[in-house]
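A.B. asks: Any chance you can model this:
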Amino acid sequence: MKALTDQQLEIYKEVFPELTKDQIQIAVLLAIGVPEKNIADMRYVTHDTIKKTILLIRKKYDVESKSSLLSVFQVKIFHYFLMTYHVLTNAAIP
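C.D. replies: Numbering: from 1, shown residues only. I've put the predicted structure just below:
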């Protein structure tokens, strides 16, 4: 199962250039609240594989916990869309 369309993946790749497409897929599923075990089932991999992937992603962002990682995702996504809005509208950023 793909969590994202190819078009969505390309947008997330701009937000998270340091992640692979597979890592982005897993990160999005995790961010929307899908349990790790379900992600593993959806991706046809073991739960250990998902845990290892999440650990690699956490190391890339130098965070200790999944909740901290989710905060990083939120901030990066917010910043990306804020900057995109600014460029498209030439509006001042508050």
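A.B. asks: in this structure, which ranges drop under the pLDDT threshold?
C.D. replies: Scanning the chain for pLDDT under 70 picks out the ranges 1-3, 86-94.
A.B. asks: quick one, longest helix in it?
C.D. replies: helix 66-89 (DSSP state H).
A.B. asks: Report the buried residues of that one.
C.D. replies: Within helix 66-89, the residues that count as buried by 16 or more other CB atoms under 10 Å are 69, 72-73. Backbone N, C-alpha and C define where each C-beta goes, glycine included.
A.B. asks: try stretch 12-24
C.D. replies: Buried residues in stretch 12-24, counted by 16+ other CB under 10 Å: 12, 15-16, 19, 23-24.
A.B. asks: Then stretch 35-43?
C.D. replies: 36, 39-40, 42-43.
A.B. asks: List the contacts of stretch 25-37.
C.D. replies: 2-4, 9, 12, 16, 19, 38-39, 42-43, 47, 50-51, 53-54, 57, 66, 69-70, 73-74 (CB atoms under 8 Å, 6 or more residues apart in numbering).
A.B. asks: Check which residues of that stretch are buried.
C.D. replies: By 16+ other CB under 10 Å, the buried positions in stretch 25-37 come out as 25-30, 36.
A.B. asks: Can you show me the helices along this protein?
C.D. replies: Using DSSP H, helices in the chain cover 6-15, 21-31, 36-43, 47-61, 66-89.
A.B. asks: Report the angle between the longest one and helix 47-61.
C.D. replies: For the pair helix 66-89 and helix 47-61, the angle between their directions (axes from the mean of the first three to the mean of the last three CA atoms, to 10 degrees) equals 60 degrees.
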